[in-house]
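Asks: Sequence and computational prediction follow.
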Amino acid sequence: MVPIPYVIRRVQRETRDTFTLELVAAAEQSTVGPFLPGQFNMLYAFGVGEVPISVSGDPARPDSLVHTVRAVGSVTEALCRGSPGGMLGVRGPFGTCWPVGEAAAGDVVLVAGGLGLAPLRPALYHVLNHRSDYGNVALIYGARTPEDLLYRRELDDWCSRGDLQVEVTVDTGEKDWRGRVGVVTTLIGRVAFDPARTTALVCGPEIMMRYTVMELLKHDVGEDRIFVSLERNMKCGAGLCGHCQLGPFFICRDGPVMPHWKVRDWIGRREA
């Protein structure tokens with residue numbers, strides 16, 4: 001429960017209000033444990049508070065913690081104001097993970113909307129680090145505008161790979177945008193996968209995930225092979241505040257990654 005001090009090694013501005021922080025332990029003998037793709041840490045801005053943020057770095061490099069943070073409140077704004085050499089506290093890792101092990105020997109489709117690419121990036125890293133263990137691999141990524149796309153340089157690198165199919169779209173394109181315009185669901189039919197052996201990993205705004213799951217089901221992907229991340233709803237990270245309660249589940253304790261069949265009756269339900 002006690003935050004471990006970490007030093008900010010690098011800050012990368014991704015969009016107008018989103019930053020990626022690379023952290024290293026302040027003391028070599030005091031670190032958080034290795035993480036699995038999809039898990040999260042509690043990041044503590046000293047004197048302000050702490051928030052749960054999914055790890056967005058490479059699981060093969062546990063010595064370097066990477067988190068992509070959007071400044072939407074006092075704590076995340078404080079985190080995003082951090083600069084190299086600054087300190088913050090880290091607790092974790094917590095939560096369930098993407099089933100990248102179970103997906104081996106089959107096809108993998110990752111569908112991300114907006115900031116949802118950050119929790120999915122470790123899963124993609126893992127798959128690419130063990131590329132021979134998987135069949136076809138596809139990343140479908142959508143954002144509101146070209147300026148809202150995360151990891152632009154890395155996205156270009158992924159697009160140039162011969163062993164990864166990448167489809168990118170935006171809701172609204174500008175005059176110099178030459179890519180696709182539209183919602184991510186329109187791109188599912190463009191990627192190659194065998195539905196009988198496909199695992200789908202989905203993360204993004206709730207409405208985007210609902211329609212993405214519907215489209216995957218139309219393409220005969222089994223619901224037991226579709227996984228979603230609900231990490232956007234978390235707050236305390238310990239199942240105490242109730243902010244992330246979804247029916248009988250506490251997302252920070254039972255998730256954030258969950259099979260869709262388990263939460264399908266609760267996603268989208270309005271609170272009484």
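Replies: The structure has been received and is ready for your questions. Being a predicted model, the structure only gives us computed values, none of them experimental.

Asks: Show me the shaky parts of the chain.
Replies: Applying pLDDT under 70 to the chain picks out residues 232, 268-272.

Asks: Pick out the residue nearest the middle of it.
Replies: residue 119 (1.4 Å; C-alpha atoms, centre = their mean).

Asks: Is it in contact with residue 229, as I believe?
Replies: Yes. Counting by C-beta atoms under 8 Å, residue 119 does reach residue 229; the two are 5.1 Å apart. Bear in mind the C-beta positions are built from the backbone N, C-alpha and C, glycine included.

Asks: list residues touching both of those two?
Replies: 38, 54, 203, 256 (C-beta atoms under 8 Å, 6 or more residues apart in numbering).

Asks: Which of the residues you listed ranks first by neighbour count?
Replies: residue 203 (31 neighbours; other C-beta atoms under 10 Å).

Asks: Test of understanding: give the bridge partners of it.
Replies: Taking DSSP bridges as the rule, residue 203 bridges to residue 112.

Asks: Could you pull up the contacting residues of it?
Replies: Contacts of residue 203 (C-beta under 8 Å, 6+ apart): 111, 112, 113, 116, 117, 119, 120, 209, 228, 229, 231.

Asks: likewise residue 90?
Replies: Taking C-beta under 8 Å, 6+ apart, one finds 3, 4, 5, 6, 23, 32, 41, 42, 43, 44, 65 in contact with residue 90.

Asks: Walking through the stretch 51-200 of the chain, point out its helices one by one.
Replies: Assigned by DSSP state H, counting those that start in this stretch, the stretch 51-200 of the chain shows helices spanning 74-80, 117-129, 152-160.

Asks: Select, out of the ones you listed, the one closest to residue 94.
Replies: helix 117-129 (12.9 Å; C-beta to C-beta).
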